[in-house]
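Novice: Whatever this is, show me its structure:
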Amino acid sequence: MKENAVLEMRHIHKSFPGVRALQDVDFTLCKGEIHALMGENGAGKSTLIKVLTGVYSKDEGDIFMDGHESAVSIRSPQDAQDIGISTVYQEITLCPNLSVAENMYIGRSKKMAQNWKKMNADADAILKQLDIPASATQQLGSCSIAVQQMVAIARAVDMDCKVLILDEPTSSLDENEVEKLFGLMRDLKKRGVGIIFVTHFLDQVYEVCDKITVLRDGKLVGEYEIENLPRVQLVSKMLGKDMDDMSDIRSEAEVYDDKGAEPVLEAEGLVSNAGIKPFDFYIKKGEVNGFTGLLGSGRSECVRAIFGADRVVNGKVKMHGKSVNISKPIQAMKHGIAYLPEDRKVDGIIGDLSVRENIIIALQVMKGFFKPFTKAQAYKFADEYIKLLDIKTASADTPIKSLSGGNQQKVIVARWLLTHPEYLILDEPTRGIDVGTKVDIQKLVLKLASEGMSITFISSETDEMLRTCSRLIVMRDRKVVGELSGDDLNQQMIMSTIAGGGR
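Specialist: Residues are numbered from 1 along each chain as shown. Okay, here's the model as predicted:
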């Protein structure tokens, strides 16, 4: 055991059918340390946390606590809690209809009768000790999200936790609430609690953490002292791109020449209820642009605001220079905007409907359900786009849930192309599909742009963005931090800008 270590995980392996989620991962947490666990989507962060908290059983490896030489057995979340490991999740898991004190002590008393006076007094003492602005008797649901998070932390601390895991605790908090949470974290650090901080916000990592462990593709990239890992190197390690091998990888494929083209859509000071900072945006006729940044940076939230999928709370939108109101998706659709969402299973396909029904549904919504297409029209539309996009399906009547992921994605693309949009938003259109279909979609994007369609393309794979986009808007911590085009459109400038050192 490392000196002063409160937790050591050694040679952790975890596999699921067809997926090696963790491969020989080590992780060490010291007493009184705030340690960031970083990595992109699919890096293995959540799996490692679930192994540590007993949600998943590990395939191989050992976990040691508090300097003991014998490994501990963690077979359930209760086991983890019993040895001093507590987790506070992004989604509040407490009961908003109960009081603050009841939430702090629920499930902990073994007595038949509860001494309410003592419970409230004890709770108030802990709240005061940790400087949490709440009273024991107030209903938890009346507190802000930040205070609810703090109450969850107070509960963990009072249960004598040695390891506190904070899983995306700041994602729903404003800047003042984040500062209050950081104050509590620093206080716990002084008390010797080891804190694992899982977040996508780079600024927050460098503000509050002592060390960073980076995972990528289920493997350990390394553990670093915060002062020895500049932001641009952290981004490089998360994305798996070496800084000394940053060539411009844009393909020879031509994108639409937008010189002199008019803006199709302009947004000024746009804000939604999803927590993004006010942003300005425009796209010209025939342009392919994109939002880039690490997972959680606000890419999807920006395009959802443009489409009206999240509630817009401020800002102005113009189309062809004229002000328009886009507060709902149907309004966006009627203005010629189409949106392929990030999660095709949740927001895209309707699994029990046929390929044909999934293709025509957006156009049918725009027309109105009281004016249904004839059967002949529906089949004509479906057959045309099945052929155009080379969708592999037995027939137009095949349930879409029986198709491969790539073909499901093509069906959703077909759905929106059928509406003949002027502006098409594609959010992660190639996620989880085979290489061949990825290339097909990239070629289709460039072809549609060459015909004058405006397209916003978002992908976690920077190579794809560079192959398809002529301009990139760079996001970090839910705000726009830069815009790249021309000679600046390369891996190095993207990573520098994400890290805070670019234009």
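Novice: which non-adjacent residue is nearest Glu268?
Specialist: Distances taken as CB to CB, 6 or more residues apart in numbering place Lys316 nearest to Glu268, at 4.8 Å, with adjacent residues excluded. Glycine gets a C-beta too; all of them are placed from N, C-alpha and C.
Novice: From the contact counts, what lies against the helix or strand where that neighbour lies?
Specialist: Per DSSP states H and E, Lys316 falls inside strand 312-319. Using 3 or more CB pairs under 8 Å, 6 or more residues apart in numbering; DSSP states H and E, the elements in contact with strand 312-319 are strand 263-272, helix 299-307, strand 322-324.
Novice: Out of the ones you listed, which is the most enclosed?
Specialist: helix 299-307 (a mean of 25; mean count of other CB atoms under 10 Å).
Novice: So what touches that one?
Specialist: 265, 267, 270-272, 274-276, 279, 281, 291-293, 310, 312, 315, 317, 326, 329, 332, 337, 339, 342, 425, 427-428, 456, 458, 473, 475, 478, 480 (CB atoms under 8 Å, 6 or more residues apart in numbering).
Novice: Check whether Asp217 really touches Ala43, as I assumed.
Specialist: Yes: at 6.7 Å, Asp217 counts as touching Ala43 under the criterion of CB atoms under 8 Å.
Novice: Please identify which of the two sits among more neighbours.
Specialist: Using other CB atoms under 10 Å, the more surrounded residue of Asp217 and Ala43 is Ala43, with 23 against 14.
Novice: list the contacts for that one?
Specialist: Shown in contact with Ala43 (CB under 8 Å, 6+ apart): 215-218, 238.
Novice: swap the cut-off to 6 Å and go again
Specialist: 215-216 (CB atoms under 6 Å, 6 or more residues apart in numbering).
Novice: Distance of it relative to Met159?
Specialist: Counting by CB to CB, to the nearest Å, the gap from Ala43 to Met159 is 29 Å.
Novice: show me where pLDDT drops low in this protein?
Specialist: 1, 41-42, 90-92, 108-113, 171-172, 241-261, 344-345, 432-437, 501-503 (pLDDT under 70).
Novice: Not counting its neighbours along the chain, what's nearest the residue nearest the centre of it?
Specialist: Nearest residue to the geometric centre of the chain (CA atoms, centre = their mean): Gly296, 3.9 Å. Closest residue to Gly296 apart from its sequence neighbours, by CB to CB, 6+ apart: His200 at 3.0 Å.
Novice: Now do the SS call for the one you found.
Specialist: Using DSSP: H, G, I helix; E, B strand; the rest coil, the structure places His200 in coil.
Novice: Ile132 now?
Specialist: coil.
Novice: Please tell me how far the closest residue to it other than its chain neighbours sits from Val193.
Specialist: Nearest-residue entry for Ile132: Met150, 4.6 Å, with adjacent residues in sequence omitted and distances by CB to CB, 6+ apart. Between Met150 and Val193 the computed distance is 14 Å (CB to CB).
Novice: got it, and Gly500?
Specialist: 29 Å.
Novice: Ok, Glu266 next?
Specialist: Between Glu266 and Val193 the computed distance is 49 Å (CB to CB).
Novice: Likewise for Val445?
Specialist: To Val193, Val445 is 49 Å away according to CB to CB.
Novice: Repeat that for Lys334.
Specialist: Lys334 is 54 Å from Val193, by CB to CB.
Novice: neighbour-wise, which of these two wins?
Specialist: Neighbours of Lys334 and Val193, each counted by other CB under 10 Å, are more numerous for Val193; the result is 24 against 14.
Novice: so what's the more buried one up against?
Specialist: Val193 sits next to Leu164 when contact means CB under 6 Å, 6+ apart.
Novice: now Glu177
Specialist: Glu177 makes contacts with Ala146, as judged by CB under 6 Å, 6+ apart.
Novice: and if you look at Ile106?
Specialist: Counting by CB under 6 Å, 6+ apart, there are no residues that Ile106 touches.
Novice: please redo it, this time with the cut-off set to 8 Å
Specialist: Ile106 neighbours (CB under 8 Å, 6+ apart): 95, 98.
Novice: Give me the phi and psi for it.
Specialist: Geometry field for Ile106 lists phi and psi as phi -60, psi 130, criterion degrees, to the nearest 10.
Novice: From Asp310, how far out is it?
Specialist: Distance of Ile106 to Asp310, computed by CB to CB: 33 Å.
Novice: rewinding a little: the residue nearest to the centre of the chain touches Gln204, doesn't it?
Specialist: No: the pair Gly296 / Gln204 is not scored as a contact, 10.9 Å apart, by CB under 8 Å.
Novice: tell me the SS of Val55?
Specialist: Here Val55 is coil, with the state taken from three-state DSSP.
Novice: ok, the closest residue to it other than its chain neighbours to Tyr423 distance?
Specialist: In space, and not counting its chain neighbours, Val55 is closest to Pro77: 6.4 Å by CB to CB, 6+ apart. As defined by CB to CB, Pro77 lies at a distance of 46 Å from Tyr423.
Novice: which residues of the stretch 101-250 of the chain fall in strands?
Specialist: With DSSP state E, counting those that start in this stretch as the definition, the stretch 101-250 of the chain shows strands at residue ranges 163-167, 194-198, 211-216, 219-225.
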